[in-house]
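Visitor: Dropping the sequence and predicted coords here.
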Amino acid sequence: MHVTSLKNTLLILVLGICFSCGSQNKEASENSQDPENASEIPSETSESTQQLILGADQPEAYLPLLRGKAVALVANPTSQKTVATEPNGKGIHLVDFFLSKDIALKTVFAPEHGFRGTADAGEHVKDGIDTKTGLPIFSLHGKNKKPTPDQLNGIDIVVFDIQDVGVRFYTYISTLHYVMEACAEANIPVVVLDRPNPNGHYVDGPMMEPQHTNFLGMHPVPLVHGMTIGEYATMINGEGWLANNNKVNLTVIAMEGYTHDKVYSLPIKPSPNLPNDTAITLYPSLGLLEGTTVNAGRGTDMQFQVFGAPELPKAQYPFEYTPQPNEGAKYPKQQGKKCHGIDLRNTERMNRVDLSWIIEAYRSHAAPKSFFNTKNFTAHAGTELLQKQIEDGLTFREIRKTWLKDLEAFKKVRERYLLYP
């Protein structure tokens, strides 16, 4: 595996980032101020003032690898290179950038939500043609999730550049796995252009158990893994997770000026239902509600910043909203029904998975026996145990203690693949 980092920063204008250190989230949990819990949470360190240069903003490092070769690109709307002549970190899509540099781009592969990023979560996305360039676009969230030999026929090298958010059930890392696996089988090198993980400052949550692996979680990692997409690719390769223990010829174009504690505000939403920083920081916790009857803001403009359900008591959950179809949620849960819930839009940057909301919602729900969609909840949690623990009345603190041994073991494995402090 090759890791490349461009040292000459004088000609590259970086994407706008926020360097101010996020303060500790004021947890809603009864245990949030518990000293034992607090000691288990990594504290934020003072951040470097060095400019952040993304992998995509280092063409001198990756264009030489592509010249004279037939190239495929795995991309979505986040696959942008900063344009030095444009203000406010405006970017050019890598499809257009590659073609402007006479790179022989032959094929585009698109992950969940599609190349334009407008499809619903889990929606079957069809293959198509990019109307701007005429390039064929193959969906990796349609009839196949892994590139087929025919789709890779004639391709010499594959570039992967997609913004991830560092949560196991966010499926871009599963797409990464299948791209690497298909390329290993076809003896095609893969280049990953690395990007920050906005949830990269901590590791937390239940581990994925092997018997429950699925497209929402293919690897034995915790719910929040604390790795960039490039670091994660090295782990997939190094841990032998590809079929038949294959390894792909992998090159990661590493970022400059990045640390795991750095606060990074995404300039482009990574998917329709993660519209801002607050949604991204709450996603690891509220994403578990996807496996329940509770709506987590889909069908509103407050996705993963509120939650509610008609069955929650209005006296305890005074915030009200009614989900309606919109971009990214054609059929939102509880569509057209008034939901009683909580508004979390003022939540500060979080540093752990918070189960207090889902535990309290279960306890307060008018029909707790119908609260869980067990199959879907297990797919998100990665284990059957979490649902049982909540149903048995365990507290957030008691549940979290059952994670700690696995989390410490994972952190030791993770250390071998970290590219940044």
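Guide: Sure, I can see it.
Visitor: Put the alpha carbons of stretch 101-115 into CSV.
Guide: Coordinates of each C-alpha in stretch 101-115 appear next as CSV, following Å, rounded to 0.1, in the frame of the first residue of the first chain:
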residue,chain,number,x,y,z
LYS,A,101,-6.6,17.4,-17.9
ASP,A,102,-7.0,14.9,-20.8
ILE,A,103,-7.3,11.9,-18.4
ALA,A,104,-9.0,9.0,-20.2
LEU,A,105,-12.0,8.7,-17.9
LYS,A,106,-14.1,5.9,-19.2
THR,A,107,-16.6,5.0,-16.5
VAL,A,108,-18.2,6.5,-13.4
PHE,A,109,-19.4,4.3,-10.5
ALA,A,110,-22.0,5.8,-8.1
PRO,A,111,-22.7,4.7,-4.5
GLU,A,112,-26.0,4.9,-2.5
HIS,A,113,-28.0,8.1,-3.3
GLY,A,114,-26.6,8.1,-6.9
PHE,A,115,-24.1,10.2,-8.8
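Visitor: The residue lying closest to H260 once chain neighbours are set aside and M255, how far apart?
Guide: What sits nearest to H260 in space, not counting adjacent residues and going by Cβ to Cβ, 6 or more residues apart in numbering, is G200, at 4.5 Å. Backbone N, C-alpha and C define where each C-beta goes, glycine included. With the distance defined as Cβ to Cβ, to the nearest Å, G200 ends up 11 Å from M255.
Visitor: Then T374?
Guide: 40 Å.
Visitor: Settle it for me: which of these two has more neighbours?
Guide: Taking neighbours as other Cβ atoms under 10 Å, T374 and M255 compare with M255 leading, 26 against 12.
Visitor: Give me the spatial nearest neighbour of that one, chain neighbours excluded.
Guide: Per Cβ to Cβ, 6+ apart, closest to M255 is D194, 5.2 Å.
Visitor: Just give the number of residues close to the one you found.
Guide: 28.
Visitor: Look at it and report its pLDDT.
Guide: Looking at D194, its pLDDT is 98.
Visitor: got the contact list for it?
Guide: For D194, the contact set (Cβ atoms under 8 Å, 6 or more residues apart in numbering) comprises 54-55, 228-231, 252-255, 419.
Visitor: Go again with 7 Å.
Guide: With contact set as Cβ atoms under 7 Å, 6 or more residues apart in numbering, D194 has these partners: 55, 228-230, 252-255.
Visitor: In TSV: these, plus secondary structure.
Guide: Formatted as TSV, the contacts of D194 follow (DSSP: H, G, I helix; E, B strand; the rest coil):
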residue	secondary structure
G55	helix
T228	coil
I229	helix
G230	helix
V252	strand
I253	strand
A254	coil
M255	coil
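Visitor: Restricted to buried residues, select these in ChimeraX.
Guide: To isolate in ChimeraX the members of the contacts of D194 that are buried, counting by 16 or more other Cβ atoms under 10 Å, one can use:
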select :55,228,229,230,252,253,254,255
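Visitor: And the contacts of D194, which is closest to N295?
Guide: When the contacts of D194 are ranked by distance to N295 (Cβ to Cβ), I229 comes first, at 29.1 Å.
Visitor: what's the distance between T148 and N244?
Guide: Distance from T148 to N244, by Cβ to Cβ: 17 Å.
Visitor: where in the stretch 51-200 of the chain is pLDDT low?
Guide: Scanning the stretch 51-200 of the chain with the threshold set as pLDDT under 70 gives 84-89, 113-114, 116-126.
Visitor: go with 90
Guide: 83-90, 111-134, 141-143 (pLDDT under 90).
Visitor: Would you state the helices of it in chain order?
Guide: Listed in chain order, the helices of the stretch 51-200 of the chain (DSSP state H, counting those that start in this stretch) span 59-66, 94-100, 149-152, 172-186.
Visitor: hmm, who's touching the second one?
Guide: Applying Cβ under 7 Å, 6+ apart, the external contacts of helix 94-100 come out as 56, 71, 73, 75, 79-81, 105, 108, 133, 135, 161.
Visitor: ok, and the most crowded of those?
Guide: The contacts of helix 94-100, ranked by neighbours (other Cβ under 10 Å): first place L73, 27 neighbours.
Visitor: Was I right to think that residue contacts I162?
Guide: No: L73 is beyond contact range of I162, at 10.0 Å (criterion: Cβ atoms under 7 Å).
Visitor: OK, contacts around the closest residue to K69 other than its chain neighbours?
Guide: Nearest residue to K69, sequence neighbours excluded (Cβ to Cβ, 6+ apart): D156, at 3.8 Å. Contacts for D156 were tallied using Cβ under 7 Å, 6+ apart; they are 69-70, 188.
Visitor: Which members of those occur in strands, if any?
Guide: Among these, DSSP state E puts A70 in strands.
Visitor: what residues are up against the residue nearest to H260?
Guide: Applying Cβ under 7 Å, 6+ apart, the residues near G200 are 166, 226-228, 260.
Visitor: Next, the spatially most central residue of the chain: phi, psi?
Guide: Among the residues of the chain, the one closest to the centroid is V165, at 3.1 Å (Cα atoms, centre = their mean). Per-residue torsions, V165: phi -120, psi 10 (degrees, to the nearest 10).
Visitor: Name all residues that make contact with it.
Guide: 198-199, 270, 274, 280, 283.
Visitor: now do S285
Guide: S285 sits in contact with 353-354, 357, where contact means Cβ under 7 Å, 6+ apart.
Visitor: Helices - which of those land there?
Guide: W357 (DSSP state H).
Visitor: Mind listing what's buried along the longest strand anywhere in the chain?
Guide: Ranked by number of residues, the top strand in the chain under DSSP E is strand 104-110. For strand 104-110, burial by neighbour count (16+ other Cβ under 10 Å) applies to 105-110.
Visitor: Just the closest of those to H177, please.
Guide: The closest of those, once distances to H177 are taken by Cβ to Cβ, is F109, at 13.2 Å.
Visitor: And that closest one, how close does it get to Y321?
Guide: 36 Å.
Visitor: Burial check on T251, number of neighbours?
Guide: Around T251 there are 22 residues (other Cβ under 10 Å).
Visitor: Return the distance of the nearest residue to G291 once chain neighbours are set aside relative to Y178.
Guide: Leaving aside its sequence neighbours, G291 sits nearest to F377 (Cβ to Cβ, 6+ apart; 2.8 Å). Going from F377 to Y178 by Cβ to Cβ gives 24 Å.
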